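Participant: Any chance you could fold what I've pasted below:
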Amino acid sequence: MQFRVFTVPIKSNTPAQEELNRFLRGHRVLSVEKRFIGEGETQCWTFCVEYMENQAGERSEAVSGGKVDYKHVLSPEDFEIYSRLRQLRKEISDREAIPAYTIFTNEQLARMVRDRANSKSDLDRIPGVGTARTTRYGEEFLILLREVFPS
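Facilitator: All right, here's what the predicted structure looks like:
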């Protein structure tokens, strides 16, 4: 995994937007964090892109058909925790008769592991995880995460 940071100024942002869009189209993107920086005349958006580099003509083992294989992305220890989170998600999904992805996505589960989440505020910082999901499902996942990542 690699990271690249882009800055897109609010005023005259077209070249910066085009550079960001070209980069996103040409790489296997794992996640994007964005932040608005508002300082007078220098207001801008910053984007931190986590991505995987493919060799020319080579298919990535970790990313296939737009899907990430977290077994190749995470360390073996982290993948074990990720697998346990997926199992918990499946149990909740079966219990509530809802699709698993509506609880948390695979990317969000991997982010919990990578960020060593152990509080509701940690979950709230994960893109796409809002207060409703944190309130409804967060504690069950945090119990497991606190067990493996004691603070």
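
Participant: what are the ranges of the strands in this protein?
Facilitator: Secondary structure of the chain, counting by DSSP state E: strands at 2-9, 28-37, 44-52, 63-64, 67-68.

Participant: Pull the CA coordinates from stretch 10-20 and hand them back as PDB.
Facilitator: The C-alpha trace of stretch 10-20 is given here as PDB (Å, rounded to 0.1, in the frame of the first residue of the first chain):
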ATOM      1  CA  ILE A  10     -11.200  26.300  -4.000                       C
ATOM      2  CA  LYS A  11     -10.200  29.000  -6.500                       C
ATOM      3  CA  SER A  12      -9.000  27.900 -10.000                       C
ATOM      4  CA  ASN A  13      -9.000  24.200  -9.100                       C
ATOM      5  CA  THR A  14      -9.400  22.700 -12.600                       C
ATOM      6  CA  PRO A  15      -5.700  21.500 -13.100                       C
ATOM      7  CA  ALA A  16      -5.600  20.100  -9.600                       C
ATOM      8  CA  GLN A  17      -8.900  18.300 -10.000                       C
ATOM      9  CA  GLU A  18      -7.800  16.900 -13.400                       C
ATOM     10  CA  GLU A  19      -4.500  15.600 -11.800                       C
ATOM     11  CA  LEU A  20      -6.500  13.900  -9.000                       C
END
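
Participant: how far is it from where the chain is centred?
Facilitator: Relative to its parent chain, stretch 10-20 has a centroid offset of 24 Å by C-alpha atoms, centre = their mean, to the nearest Å.

Participant: same deal with stretch 87-94?
Facilitator: For stretch 87-94, the distance between its averaged C-alpha position and the chain's averaged C-alpha position is 20 Å (C-alpha atoms, centre = their mean).

Participant: And for stretch 96-103?
Facilitator: Between the mean C-alpha location of stretch 96-103 and the chain-wide mean there is a distance of 19 Å, by C-alpha atoms, centre = their mean.

Participant: contact partners of the longest helix along the chain?
Facilitator: Scanning the chain for the helix with the most residues, using DSSP state H, yields helix 76-96. Outside helix 76-96, the residues within contact range by C-beta atoms under 8 Å, 6 or more residues apart in numbering are 70-71, 74, 99-100, 102-104, 106, 109-110, 112-114, 137, 140-141, 144-145, 148. Placement of C-beta: from N, CA and C, glycine included.

Participant: That helix: which residues count as buried?
Facilitator: Residues of helix 76-96 classed as buried under the neighbour-count rule (16 or more other C-beta atoms under 10 Å) are 78-79, 81-82, 84-86, 88-89, 92.
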